[in-house]
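[1] the following comprises the amino acid sequence and a computationally predicted model.
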Amino acid sequence: MKKTLQIHIGGRQIHIDEDGYNQLNHYLESLKSHFAAEGDSGKEIVEDIEQRIAELLENKITENKQAISLEDVQETIGILGKVEDFVYNGQSSEESEYTHYERRENRRFFRDGENSYLGGVASGLGEYFDIDPLWIRLAFLALVFLKGVGILIYAILWIVVPKARSTAEKLQMRGKPVNLSTIKDSVNAEYDKVKSSVSGFSKSPAADGTRNALENLMRAIGLVILAIFKFIIGAIGVLFLIIGAVFLAGMIMLLLGFTNIFGHWHVWNGTALPDISQMFANSGHYYLVLVSFVIVVLIPIVVLIYGGIKILFNIKTKHRTLRAFVLTSWILALILFVTLLIVNSTNFSVEASGSQTATIATPKYPKLYLEVRDNTDLKKMTVYSIFDHKFNYSELDESLYSRPELYIHRSEDDQIHLNVEKHVRNVGMNQSQQYLDRIEYAWEQKDSAIYLDRFMRTDDEDFWMFGEVDIKLRIPENQVVVITQQACDLMNYDQQTRYCTDSLLSGKESVMTADGLMLLEKQKRPARKNK
Amino acid sequence: MDFENVKAQMRKGVLEFCILSILSKGDAYATDLLNKLKESELIVVEGTLYPLLTRQKNAGLLSYRWEESTQGPPRKYYALTDKGREVLKESEASWRGLIDAVDSILKK
């Protein structure tokens, strides 16, 4: 027993077996989705073909055979041909865009040997996701810098993924682009199908309706998956755009920093990024470094933004020469930048120091007071750290302040000597003196008191010379000194531990002995015992 | 170069030319055209014809009218427009030229 349906096609009423109907329906769906892209003309074409089908089917009806069988349908489809056989359907150059969307399901990931730089992994991935392989190459490159992950992934894919050799494999690799128009096509076809099945529901037996509904459901699920896939691709595009935009903004901020708008300092999460350009300010390569740095950073950013836009709007362009040019200039800029870094790093290793010594006559002052004075407003200062190096930045005069280190030793003679030693690093060979002069440090003697500045000062752009000041105070034996707590804070680590722990000496009278400073009272006591 | 594509383009051109020349001998509906084209083995699958007809109609080379039929529903009868006749004339000239050119090369 076979179920027979009555259908209305091409202006004719035709009885058809259920299996034949399903086949015919499937065929018409494929036609509809194939021609959907052509709009009204497409509908007209399908209608004309339907009419021809009806004519052919009607010829099959005889006195003895009242219903169309599956075989009849297959024969008719054979006469009209499958969509894939409609080789010359209008705009031939775009015809691959319209071909039936089922082809995409056959898409496979192969390595593309034709457009490869290395193993064709990137271009194969590009074909698979319909992305210009350049972005994938850049992504791999970026991953290479991430502890070489990129190399590993690439190597694995190279080994695991087969290369597309036969024409069939190459076609499978390319598949069909997932773009808005194909999604629209399949959605349109789906809509028409649902519509026709709904209108056919009343006519056809219920069982057929549910079957159609199930089929529709499966198709709908397929569509949802397709939409999700499209969404992910879109999200990647947006992500590219956002990352690119953020980097671009950062880049612009950095460049503006060169022109002092942000006061040289780019503070982020409590960490300050000093103006890198100043590192090269004296190397004579300042502009070369600047330009190469900008190119090295800017090209990936622009490429990222461009890639994001391309993915989002599904633009397909293949400017091979432009791509090669961009890639080449990026590599050249990178080489230049790295070379300059290496060349200049020899400069950075240069250390220089200079010192000034002042002598203070002792006899006048039996008791010397060592005090500290503030040479800037502490409230206007912010503490930053970079590379474990702590420093203070003052908004007041856009300067850097750091603490000098105080060393107190026994004098060889009976004079008090105060020696200020300045150290700089990372400066050019012949410019050390000039840089030493840029460190400002002052102290003052007033009667029996020596006032040390709490901070040494440098301009903020001189950060990279890591200026330091050592104060070497030499005190003759038996000289009595009062070191204030604040002066204690300036002492170098060793002496601080020795003299200032638990305010041992701070604020009290101490005396210089052959073994260093000692509390005056302690020193006197054994002296008394000796007497 | 994609040779399959070249072949397809050639057949498409010839087919369009033939549709025009069949219609120049009198109006016809799709099945008439199909029968003639199949007789001369110019067409393999019938489905190919319909997109071409619609395209030529959209290009203003053809027009159609509905005509009642003794058997079945009304039929779409295609006719050449003036523009269609013009294009046919040009096509005929270039076709002959092409035949001669190709012949002269093949004979050498």
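    All right, it came through fine.
[2] what's around A:D502, how many residues?
    Close neighbours of A:D502, defined as other Cβ atoms under 10 Å in any protein chain shown, add up to 6. Using the backbone N, CA and C atoms, a C-beta is placed for each residue, glycine as well.
[3] now for it: which residues touch it?
    If you count contacts by Cβ atoms under 8 Å, 6 or more residues apart in numbering or on different chains, A:D502 has none.
[4] on contacts alone, who are the packing partners of the longest helix seen in chain B?
    Secondary structure of chain B per DSSP state H: the longest helix is helix B:82-107. In terms of contacts (3 or more Cβ pairs under 8 Å, 6 or more residues apart in numbering or on different chains; DSSP states H and E), helix B:82-107 is packed against helix B:3-24.
[5] alpha carbons only: can I get the helix it packs on in CSV?
    Extracted C-alpha coordinates of helix B:3-24, given in CSV (Å, rounded to 0.1, in the frame of the first residue of the first chain):
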residue,chain,number,x,y,z
PHE,B,3,38.9,25.3,-19.2
GLU,B,4,35.5,24.0,-18.0
ASN,B,5,34.4,27.5,-17.4
VAL,B,6,35.5,28.6,-20.9
LYS,B,7,33.5,25.7,-22.4
ALA,B,8,30.5,26.6,-20.3
GLN,B,9,30.7,30.2,-21.3
MET,B,10,31.0,29.2,-25.0
ARG,B,11,27.9,26.9,-24.8
LYS,B,12,26.0,29.6,-22.9
GLY,B,13,26.8,32.1,-25.7
VAL,B,14,25.8,29.8,-28.4
LEU,B,15,22.7,28.7,-26.6
GLU,B,16,21.5,32.3,-26.2
PHE,B,17,22.2,32.9,-29.9
CYS,B,18,20.2,29.8,-30.8
ILE,B,19,17.2,30.8,-28.6
LEU,B,20,17.1,34.1,-30.4
SER,B,21,17.2,32.6,-33.8
ILE,B,22,14.5,30.0,-33.0
LEU,B,23,12.3,32.7,-31.8
SER,B,24,13.0,34.8,-35.0
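[6] what are the buried residues along that helix?
    Residues of helix B:3-24 classed as buried by neighbour count (16 or more other Cβ atoms under 10 Å in any protein chain shown): B:8, B:11-12, B:15-20, B:22-23.
[7] any idea how far stretch B:38-58 is from the chain center?
    How far stretch B:38-58 lies from its chain's middle: 7 Å, per Cα atoms, centre = their mean, to the nearest Å.
[8] just stretch A:46-64 next, same as before
    62 Å.
[9] ok, now stretch A:373-391?
    32 Å.
[10] go through it and flag the buried ones.
    Neighbour-count burial for stretch A:373-391 flags A:375-376, A:381, A:384, A:391 (criterion: 16+ other Cβ under 10 Å).
[11] with stretch A:143-155 instead?
    So for stretch A:143-155, counting by 16+ other Cβ under 10 Å, buried means A:143, A:150, A:154.
[12] what separates the second one from A:A142, distance-wise?
    Right, A:G150. From A:G150 across to A:A142, the span is 7 Å (Cβ to Cβ, to the nearest Å).
[13] equivalent analysis for A:I49, please.
    With Cβ to Cβ as the criterion, A:I49 and A:A142 are 51 Å apart.
[14] same check, this time on A:K60
    Distance of A:K60 to A:A142, computed by Cβ to Cβ: 64 Å.
[15] which one of these two has more residues nearby?
    A count of neighbours by other Cβ under 10 Å puts A:K60 above the other of A:K60 and A:A142, at 16 against 13.
[16] for the residue lying closest to that one once chain neighbours are set aside, pull up the helix or strand it's in.
    Ranked by Cβ to Cβ, 6 or more residues apart in numbering or on different chains and with sequence neighbours excluded, the top spatial neighbour of A:K60 is A:D72, at 4.6 Å. Assigned by DSSP states H and E, A:D72 belongs to helix A:70-80.
[17] what sits closest to the residue of chain B found nearest chain A if chain neighbours are left out?
    Going by Cβ to the nearest Cβ, chain A is nearest to B:V45 of chain B, at 2.3 Å. Closest residue to B:V45 apart from its sequence neighbours, by Cβ to Cβ, 6+ apart: A:G81 at 2.3 Å.
[18] tell me which two in the buried residues of stretch A:373-391 are the farthest apart.
    A:N375 and A:Y384 (19.0 Å; Cβ to Cβ).
[19] what about residue 83, neighbour count?
    In the absence of a named chain, this looks at chain A. 20.
[20] meant chain B actually
    13.
[21] list the contacts of stretch A:68-75.
    Here stretch A:68-75 makes contact (Cβ under 8 Å, 6+ apart) with A:14-17, A:19-21, A:23-24, A:27, A:57, A:60-61.
[22] filter those to the buried ones?
    Buried residues within those, defined by neighbour count using 16+ other Cβ under 10 Å: A:14-17, A:20-21, A:23-24, A:27, A:57, A:60.
[23] still on that earlier bit, of the buried residues of stretch A:373-391, which is the nearest to chain B?
    Using Cβ to the nearest Cβ, the buried residues of stretch A:373-391 come closest to chain B at A:Y384, 64.2 Å.
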